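Q: pasted the sequence and its predicted model underneath.
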Amino acid sequence: MRYARQVLLDGWDVSAQVRLKASTAIIVGAGGLGCPASETLARAGVGHIHLIDDDTIEMSNLQRQTLFTASNVGQNKAETASEVLNQINPLIEVSYSMQRLDAQSMDDLSDLIAQKRHESLVPHSADHSTILLLDCTDNFAIRQLLNEISVVERLPLLSASAIAMTGQLALYEPYKNTGCYYCVFGEILTNKSVEQNCANSGVLASTTTVMGNMQANLALQYLGLGHNPLSGQLLNWDGKHMSQHNLRFKRDYSCKVCAGQIG
């Protein structure tokens with residue numbers, strides 16, 4: 001009964017719901033994007049959600065980070081979000097890591113991926129993974145690490161960004177020779193002078209909610225149906241003018257991240 005309205009959808013049936021139950025969403029960042037994305041995935045029935053964030057909740061976060069209230073200020077974001085998600089849907093497994101993704105913690109993430117592959121009742125294939133990496137950060141260095149993990153582990157990377165009244169979204173599948181995050185953004189990832197985030201540029205409360213739920217929408221289609229409606233495309237959303245357009249991208253065969261890893 002919990003998922004009855006999803007099962008009624010055209011093209012979505014009990015089999016799709018079972019695939020969701022057997023899937024894992026690893027979400028890096030439990031803030032403006034991670035809160036709405038993880039909540040929707042939890043309500044929809046994704047079997048395991050793992051949150052990674054070392055940050056603590058501040059009063060300024062409450063404007064857009066929808067899983068938190070004033071009583072949570074000072075608490076760890078990943079831990080608090082995990083507790084809320086468990087209350088929202090006790091039928092799924094929610095876990096968390098209170099750490100920042102960096103070169104030292106990448107091994108922990110690789111171990112988690114190996115564990116979830118071993119536990120999965122649905123086999124990992126070249127066309128469809130039961131594990132999805134969600135980039136819900138606002139930090140280029142972390143995105144670079146996530147992209148490297150995506151390439152090395154041959155996992156899809158669903159990356160979203162939100163700033164001011166604009167957002168971007170893409171689901172990268174580098175193991176299909178369609179390109180990785182670095183193929184699209186290249187040296188921008190190492191140029192700190194162009195890095196923008198909510199703290200230095202501001203963001204409307206609705207922007208992160210819209211982009212986080214668009215990220216969740218794409219995650220559900222991928223995990224439940226094995227479908228990537230944005231294959232080879234970068235979605236750009238403009239909230240000020242209520243417009244959207246997609247840009248096509250291709251693999252950069254000289255990419256310093258995926259060129260040596262993907263045949």
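A: Structure received.
Q: what's the local residue count around residue 233?
A: Taking other Cβ atoms under 10 Å as the criterion, the count of residues near residue 233 is 17. C-beta: built from backbone N, CA, C; applies to glycine.
Q: got a list of what it touches?
A: Taking Cβ atoms under 8 Å, 6 or more residues apart in numbering as the criterion, residue 233 is in contact with 170, 246, 247, 248, 249.
Q: in stretch 86-94, which residues are buried?
A: By neighbour count with 16 or more other Cβ atoms under 10 Å, stretch 86-94 contains the buried residues 86, 89, 92, 94.
Q: reformat the contacts of residue 233 as TSV; add neighbour count.
A: Converted to TSV, the contacts of residue 233 look like this (neighbours: other Cβ atoms under 10 Å):
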residue	neighbour count
170	28
246	14
247	12
248	8
249	17
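Q: excluding chain neighbours, what is closest to residue 68?
A: For residue 68, ignoring the flanking residues on the chain, the nearest one in space by Cβ to Cβ, 6 or more residues apart in numbering is residue 57 at 5.2 Å.
Q: please report how far the one you found lies from residue 66.
A: Computed with Cβ to Cβ, to the nearest Å, the distance linking residue 57 and residue 66 is 12 Å.
Q: go on, residue 130?
A: Note on residue 130: its distance to residue 66, by Cβ to Cβ, is 27 Å.
Q: of the two, give the one with the bigger neighbour count.
A: For residue 130 versus residue 66, the count of surrounding residues by other Cβ under 10 Å is larger for residue 130: 23 against 20.
Q: what separation is there between that one and residue 182?
A: Using Cβ to Cβ, one obtains 25 Å as the distance from residue 130 to residue 182.
Q: about what we covered before: of the buried residues of stretch 86-94, closest to residue 136?
A: Sorting those by distance to residue 136 puts residue 94 at the head of the list, at 15.1 Å, by Cβ to Cβ.
Q: give me phi/psi at the closest one?
A: Summarising the backbone geometry of residue 94 under the convention degrees, to the nearest 10, its torsions are phi -120, psi 130.
Q: what sits against it?
A: Contacts were defined as Cβ under 8 Å, 6+ apart; by that measure residue 94 touches 42, 48, 49, 50, 51, 82, 85, 86.
Q: what about the third one, which SS state?
A: Using DSSP: H, G, I helix; E, B strand; the rest coil, the secondary structure recorded for residue 49 is strand.
Q: return the distance of it relative to residue 109.
A: Distance from residue 49 to residue 109, counting by Cβ to Cβ: 15 Å.
Q: these two - which one has more neighbours?
A: In terms of neighbours (other Cβ under 10 Å), residue 49 is the more surrounded of residue 49 and residue 109; the figures are 26 against 21.
Q: ok, that one - contacts?
A: Residues near residue 49 by Cβ under 8 Å, 6+ apart: 24, 25, 27, 38, 41, 42, 85, 92, 93, 94, 95.
Q: contacting residues around the third one?
A: When contacts are counted by Cβ under 8 Å, 6+ apart, residue 27 touches 34, 37, 38, 49, 50, 51, 52, 134, 136.
Q: in a helix, that's where it is, yeah?
A: No - following the definition three-state DSSP, residue 27 is strand and is not counted among the residues of a helix.
Q: who does it bridge with?
A: residue 51, residue 134 (DSSP bridges).
Q: look up how far residue 136 lies from it.
A: Distance from residue 27 to residue 136, by Cβ to Cβ: 6 Å.
Q: residues shared between the contacts of these two?
A: Taking Cβ under 8 Å, 6+ apart as the contact criterion, the common neighbours of residue 27 and residue 136 are 34, 37.
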